[in-house]
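Asks: I need the structure of the sequence given here:
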Amino acid sequence: MDDKALPTNYQILIAALLEVIYGNKFTNICEYLIKRGILTNNNIYSDELSSVRNLYVKHLSTISDKMNILSNDLIKYQYQVPHFSRYQLDFREIAQIGKGAYGRVSKAINNIDGMEYAIKKIRTRKFDYESNNKILREVKYFARLDHRNIVRYYGSWLEFDNDGVIMNIDESDEDDSYDSSEIVIYEKKDNIVGVLYIQMELCIYTLKDWMNITKIRKLDEIKGIMKQICDGVKYIHSMGLIHRDLKPTNIYFDRFGTVKIGDFGLVTINKKLNVTQEKKDDAIILFDHYSSGVGTELYASPEQLKSNNYDNRTDIYSLGIIYFELLYPFGTEMERVITINKLRRGIIPNDFPYNDEIKLINNMICFNPDERCTLDNISFT
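Replies: Coordinates of the predicted model:
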């Protein structure tokens, strides 16, 4: 042990003081101080010394209550303390693997368990309530999905700079409860930017990647992929939700080749379905109406693009476009766009190789959603 290091009992006292001030976040700060050499005992925040630390916490809490020091004064100055990034402490970033309108996705290794994860980073701004609600909707509903054909959610947290925080949300896949008090709005400065981190299962490649490298495709293989996609979508619908953005870049393969649906940035509740009061209440909190003109134009249904009167049958339309694209490989992106736009008008190429599948595709992309087939009527066995 370093001769200049503080005695263990003093280090435990520091840990206890941090616990009183920061609550459960004190462990991250202790880890940071240990890395910087300020503290040296790796066990000061562990369960092994919890009884000693709790004794200090008890006395410090009593003192703070009586002297009113660690409550009002620390709340007043809490934004002047250094910021400790959970992401920087807990993860080692390997590479950026994707980006979109709302954020970027990185491949990162967790320093504790050594496993690789996909970390989605979404920037949030104060007063941009519409965008923030979309972000909250993605996290909230994503956290409740648990299916082999859905990208697995592990947790989320928000980080901010020293000037303040826009909102604070922390949900894990071990707790299905939801309390609107978990979302806190602080108004500090006009240009505060926070970053919401979403920790997810790491997938290897997208369905779009698979189509780009697989030009010769077997019908049985395609049907196997579609069956897994439909199983995932059927589960989403059973939860009273609509995905609204099904497309090849939002469908993934894990390292075992299992198909996974991801990117729930446009997910919303199916208002036309009888769902539990809890889900209805949640929907009111986050999203009380449907938007028109959302989704990806090539894959979204006509009613989704032009009106706010639609239900989960809009996802069936997207699945029909995806099935056609799997069955009919394209040479160029321009050819893909032109052909799918024609398909949306009911025009199927003369050289389409699977005549037996034309009826199913037409039923899936029927302009009138009332005449569109349902997932119960679709079989890819």
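
Asks: so the residue lying closest to N132 once chain neighbours are set aside, which of the three states?
Replies: Spatial nearest neighbour of N132, excluding adjacent residues (Cβ to Cβ, 6 or more residues apart in numbering): T124 at 5.5 Å. From N, CA and C alone the C-beta is placed, and that goes for glycine too. Following DSSP: H, G, I helix; E, B strand; the rest coil, T124 is assigned to strand.

Asks: right, and T124 touches G194 too?
Replies: Yes: between T124 and G194 there is a contact at 4.8 Å, judged by Cβ atoms under 8 Å.

Asks: For I112, grab the count of nearby residues.
Replies: Using other Cβ atoms under 10 Å, I112 has 10 neighbouring residues.

Asks: Ranking helices and strands of this structure by mean pLDDT, which lands last?
Replies: helix 277-286 (a mean of 38; mean pLDDT, DSSP states H and E).

Asks: after it, next one along is what?
Replies: Next helix or strand after helix 277-286 toward the C-terminus (DSSP states H and E): helix 302-306.

Asks: What are the buried residues along that following helix?
Replies: By neighbour count on 16 or more other Cβ atoms under 10 Å, the buried set for helix 302-306 is P302, E303, Q304.

Asks: Quick check: next helix or strand after it?
Replies: On the C-terminal side of helix 302-306, the nearest following helix or strand under DSSP H and E is helix 313-327.

Asks: residue ranges for the helices of this protein, please.
Replies: Shown for the chain, the helices assigned by DSSP state H span residues 8-22, 26-35, 50-67, 74-77, 86-90, 129-142, 207-213, 219-238, 277-286, 302-306, 313-327, 333-344, 358-364.

Asks: So for Q199, which of those sits nearest?
Replies: Distance to Q199, taken as Cβ to Cβ, is lowest for helix 86-90 among the helices of the chain, at 9.3 Å.

Asks: Now do the closest one: everything it contacts.
Replies: Helix 86-90 is contacted from outside by N28, E31, Y32, K35, A108, N110, N111, I112, I119, W157, E159, Y197, using Cβ atoms under 8 Å, 6 or more residues apart in numbering.

Asks: quick one: average confidence on that helix?
Replies: Taken as a whole, helix 86-90 has a mean pLDDT of 88.

Asks: So, low pLDDT: which residues of the chain?
Replies: Low-confidence segments of the chain, defined by pLDDT under 70: 1-6, 19-25, 41-84, 100-102, 125-129, 161-193, 272-295.

Asks: can you do 80?
Replies: For the chain, residues meeting the criterion pLDDT under 80 lie at 1-84, 99-103, 124-138, 160-194, 271-295, 308, 381.

Asks: Show me it divided up by domain.
Replies: Listed by automatic domain parsing, the domain ranges of the chain are 8-80, 86-201, 205-377.

Asks: Show the end-to-end separation of the last one, please.
Replies: End-to-end distance for domain 205-377, by Cα to Cα, to the nearest Å: 29 Å.

Asks: same thing with the second one?
Replies: Start to finish, the residues bounding domain 86-201 are 18 Å apart (Cα to Cα).

Asks: Quick check: chain neighbours aside, which residue is closest to F330?
Replies: Excluding the flanking residues, the one nearest F330 by Cβ to Cβ, 6+ apart is R336, at 4.1 Å.

Asks: for V105, same thing?
Replies: Sequence neighbours aside, G98 is the residue nearest to V105 in space, at 4.1 Å (criterion: Cβ to Cβ, 6+ apart).

Asks: Can you verify my assumption that that neighbour contacts R104?
Replies: Yes: using Cβ under 8 Å, G98 is in contact with R104, at 6.9 Å.
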